[in-house]
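Chemist: Below are the sequence and a predicted model; questions follow.
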Amino acid sequence: MTQTLSKFADTNDSDRPIGAPDGLGVVRPVVLGATGQLSGEPEVRVAGAHDQPQSMCPAFGALRVALRMRRTASVLVGSACCVYGLTFTSHFYGARRSVGYVPFDSETLVTGKLFEDVREAAYQLADPERYDALVIINLCVPSASGVPLRLLPESINGVRIIGIDIPGFGVPTHAEAKDVLAAAMLRRARQEAEQGPVQAPRGGRATRPTVALIGEMFPVDPVTLGMLLEPLGLAAGPVLPTREWRELYGALAGVAAAAIHPQYTGVCNEFAVAGRPVVGSAPVGYEGTAAWLEGIAAACGVSAANLDAAKNRWLPATRQALAGAPIKGRITLSGYEGSELLVGRVLVESGADLRYVGTACGRTPWSQQDCEWLQSKGVRVQYRATLEQDLDAMAEFAPDLVIGTTPVVQKAKEAATPALYFTNLISARPLIGPAGAGSLAQVINAALASRPRFDAMDAFFGAAHGLPVALGTVRAATGKGA
């Protein structure tokens, strides 16, 4: 089991948050200035070898954020093979714009000419007619070599220059790399707003107080969140990471922020510096929805009458949705998107026998409520979960269904156990409110129902080719995991 929040001082660097508003934060922390006040300046967390990603290159997360924003150009500084892989993956996921690349060799790296090349590229690209911002990302080699993107001008020809380091040895997951860029942009927007008037949101200012939504969610979830907020007298604000620079100002103009995905600790830090409270967890399942509505109401000063109205509207509907879409089966769950604990809550309230939740992301204050809730239901929660830990859980609990990353799913299917890829089949579905329960149950029950097909294939191919006995056969013969 993971250690409780009070034991952070005893954990290793891979599980110990640092630097959040209440002293607990994680990657890309806000640091204290000479006066001891929050300065808002980022630092790359130094990670050990055990923190090296077991998933895709983390820089993909930051690049994805930049490529999804209007009027934003992206430039990578790193080895050619890394740049090729990142651009290939980005275009595979639907990016429709070019990615800049500043090449280097040993000479330009050692002599410092690489920085001059990056600076020259920034001046060539900084066209205010086309761009609001230019994002420059140092990959592993230039980050390790200290190529100082912080020395680039803050803006060129009115185009903001945002330089960040995303080394694989310092940012453990692509989900947390999204936070690094989103926080850097929010920090710049906050500083601009402090200087005077800024651009209004594209759709105009909201007529009700808004709550900014933190996390890259399924498109229908922000709409559902807005509906949940409506009886509280509130409205959903912009979603971070944003799709346009001006939305950053709208997010800061809200009365609070909701950390739907808890790994955005840098973004949460920026809201804290701006004086905006941040509410953790999300309205998932019956108990999660009730707790979230209460947390939002407390943070935003909502009256007891409005809170009761919101609960009366949404809690019965959520309970009905859960009852109408039950899940029966033993499940282990793992992933690297940051929403794993939220999915776990929905599974438990849907009736699933959930034994294990592993997330590649680190423990943060914003997921603590979810962690404690799951543990109270007998679920093992593992932060900074490794592939080996996910596979050990699968072997220990002999689940009817495995939800996990690609290598976990591969191992499960080799063992004739139904399995679902978390990123494409679970996290890419509605999760919030009544819609979340029904959506998850549909895909999970279909996978659970495929057990007879796996058993038939296992019996046929195993007998015909002398393959190792599968996990399902072991369960039937020994009763292990019952």
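Modeler: Yep, that arrived.
Chemist: how many other residues sit next to Asp105?
Modeler: 9 (other CB atoms under 10 Å). (Each C-beta comes from the backbone N, C-alpha and C, glycine too.)
Chemist: Please apply the same query to Thr111.
Modeler: So Thr111, with other CB under 10 Å, has 10 neighbours.
Chemist: So what does it look like in phi/psi?
Modeler: phi -80, psi -10 (degrees, to the nearest 10).
Chemist: Can we start the residue count at 10 from this point?
Modeler: All right, first residue 10 from here; so that's Thr120.
Chemist: Distance check, it against Phe113.
Modeler: Thr120 sits 10 Å away from Phe113, going by CB to CB, to the nearest Å.
Chemist: swap in Arg106?
Modeler: 23 Å.
Chemist: out of the two, which sits in the more crowded spot?
Modeler: Comparing Arg106 with Phe113 by other CB under 10 Å, the one with more neighbours is Phe113, at 21 against 12.
Chemist: The closest residue to the more buried one other than its chain neighbours: which element?
Modeler: Among residues not flanking Phe113 along the chain, Leu123 sits closest, at 4.5 Å (CB to CB, 6 or more residues apart in numbering). In this structure, Leu123 sits in helix 122-134 according to DSSP states H and E.
Chemist: Report the rounded mean pLDDT for that helix.
Modeler: In this model, helix 122-134 carries a mean pLDDT of 96.
Chemist: Give me the contacts around the next helix or strand after that helix.
Modeler: For helix 122-134, the following helix or strand on the C-terminal side (DSSP H and E) is strand 142-147. Residues from elsewhere that reach strand 142-147 (CB atoms under 8 Å, 6 or more residues apart in numbering): 68, 71-72, 75, 78, 80-87, 127, 131, 134-135, 156, 158, 161, 165, 168-176, 190, 194, 254.
Chemist: Correct me if wrong, but Tyr295 is in a helix.
Modeler: Yes - judged by DSSP: H, G, I helix; E, B strand; the rest coil, Tyr295 forms part of a helix.
Chemist: gap between it and Leu331?
Modeler: Distance from Tyr295 to Leu331, by CB to CB: 6 Å.
Chemist: How about Arg372?
Modeler: 27 Å.
Chemist: who's more crowded, the two?
Modeler: Remark: of Arg372 and Leu331, Arg372 carries more neighbours, 26 against 21, as counted by other CB under 10 Å.
Chemist: Correct me if wrong: that one contacts Ala394.
Modeler: No - contact between Arg372 and Ala394 fails when scored by CB atoms under 8 Å: they sit 11.3 Å apart.
Chemist: for stretch 208-225, what is the average pLDDT?
Modeler: Computed over stretch 208-225, the average pLDDT equals 89.
Chemist: same check, this time on stretch 307-319
Modeler: Rounded mean pLDDT across stretch 307-319 is 97.
Chemist: Can you pull out the low-pLDDT segments for the protein?
Modeler: Within the chain, the segments meeting pLDDT under 70 span 10-64, 471-491.
Chemist: Any of the contacts of strand 142-147 buried? List them.
Modeler: 68, 71-72, 75, 78, 81-87, 127, 131, 134-135, 156, 158, 161, 165, 168-176, 190, 194, 254 (16 or more other CB atoms under 10 Å).
Chemist: taking the residues you listed one by one, which sit in strands?
Modeler: Secondary structure defined by DSSP state E assigns 81-86, 165, 168-174 of the buried ones among the contacts of strand 142-147 to strands.
Chemist: just to revisit the earlier point, please enumerate the shared neighbours of Tyr295 and Leu331.
Modeler: Glu358.
Chemist: Going by residue numbers, what spans are strands in this structure?
Modeler: 81-86, 109-111, 142-147, 164-165, 168-174, 219-223, 244-249, 265-268, 287-288, 339-344, 362-368, 389-392, 410-413, 428-430.
Chemist: Partner strands of the fifth one, with direction?
Modeler: Think strand 168-174. Here strand 168-174 is paired, per DSSP bridges, with strand 142-147 (parallel), strand 164-165 (antiparallel).
Chemist: chain center to that strand: distance?
Modeler: On the basis of CA atoms, centre = their mean, to the nearest Å, strand 168-174 sits 21 Å off its chain's mean C-alpha point.
Chemist: then it to PDB, C-alphas only?
Modeler: These are the backbone C-alpha positions of strand 168-174, laid out as PDB (Å, rounded to 0.1, in the frame of the first residue of the first chain):
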ATOM      1  CA  VAL A 168       4.900  37.100 -29.900                       C
ATOM      2  CA  ARG A 169       5.400  35.500 -26.400                       C
ATOM      3  CA  ILE A 170       8.400  33.100 -26.200                       C
ATOM      4  CA  ILE A 171       7.700  30.200 -23.800                       C
ATOM      5  CA  GLY A 172      10.800  28.000 -23.300                       C
ATOM      6  CA  ILE A 173      10.600  24.900 -21.200                       C
ATOM      7  CA  ASP A 174      12.800  21.800 -20.400                       C
END
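Chemist: So what touches it?
Modeler: Residues contacting strand 168-174 (CB under 8 Å, 6+ apart): 51, 53, 71, 131, 134-137, 140-147, 152, 158-159, 161-164, 189-190, 193-194, 197, 254.
Chemist: got a list of what Val232 touches?
Modeler: Ala245.
Chemist: Please report how far it lies from Ile175.
Modeler: Distance from Val232 to Ile175, by CB to CB: 31 Å.
Chemist: ok so, going back, so which of the strands of the chain is the most packed in?
Modeler: strand 410-413 (a mean of 28; mean count of other CB atoms under 10 Å).
Chemist: That one pairs with which strands, parallel or anti?
Modeler: Counting by DSSP bridges, strand 410-413 is paired with strand 339-344 (parallel), strand 428-430 (parallel).
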